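Visitor: predicted model follows, preceded by the sequence.
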Amino acid sequence: MTKRINISTGAPWEHIVGYSRAVRLGNLVEVSGTIANEKGQLVGKGDAYAQTICILGKISKVLEEVGAALSDVVRTRIYVTDIRLWEEVGRAHGKFFKDIKPATSMVEVAQLIEPLYLVEIEATAYFE
């Protein structure tokens with residue numbers, strides 16, 4: 001039987017909503033939607049590039065927590081509140097994934113959970 005590992009940040013809404021920061025099931029890791037928030041504070045107000053850098057740094061850390069790395073990422077899903085920001089977001093994504101080149105999508109959404117968040121990213125990793 002494959003062991004399931006749930007990773008939590010300890011945020012109170014994880015229990016209320018019923019989700020984990022990340023889930024590892026065998027060699028597969030799914031990372032929940034990640035926003036530019038550090039210690040309850042928005043990072044990069046009005047700056048999609050800075051928000052994306054923060055988000056991908058957080059995703060890297062949670063992957064390391066379960067024994068994976070950014071090089072194991074096979075897919076990212078990027079949600080932006082303004083598709084005109086695609087170049088800023090894409091440039092930051094490329095800084096982390098230039099040589100890895102996971103499959104990815106970038107989709108414009110009406111709004112994220114907080115209006116000041118411009119970007120949210122999910123990731124899937126597979127490692128041996």
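Guide: Sure, I can see it.
Visitor: does anything pack onto the lowest-mean-pLDDT helix or strand in the chain? Which helices or strands?
Guide: Lowest by mean pLDDT, DSSP states H and E among the helices and strands of the chain is helix 12-17, with a mean of 88. Under the contact criterion of 3 or more C-beta pairs under 8 Å, 6 or more residues apart in numbering; DSSP states H and E, helix 12-17 touches no helix or strand at all. For every residue, glycine as well, the C-beta is placed using N, CA and C.
Visitor: who touches stretch 95-110?
Guide: 53, 56, 60, 70-71, 73-83, 86, 89-90, 93, 123 (C-beta atoms under 8 Å, 6 or more residues apart in numbering).
Visitor: which phi and psi does Asn6 have?
Guide: phi -100, psi 130 (degrees, to the nearest 10).
Visitor: quick one: pLDDT of it?
Guide: On the pLDDT scale, Asn6 is placed at 95.
Visitor: next step: the contacts of stretch 95-110 restricted to strands.
Guide: Val73, Val74, Arg75, Thr76, Arg77, Ile78, Tyr79, Val80, Ala123 (DSSP state E).
Visitor: beta partners of the fifth one?
Guide: By that I understand Arg77. Taking DSSP bridges, one obtains Ser105, Glu122 as the residues bridged to Arg77.
Visitor: mind listing the helices for the chain?
Guide: 12-17, 48-65, 86-97 (DSSP state H).
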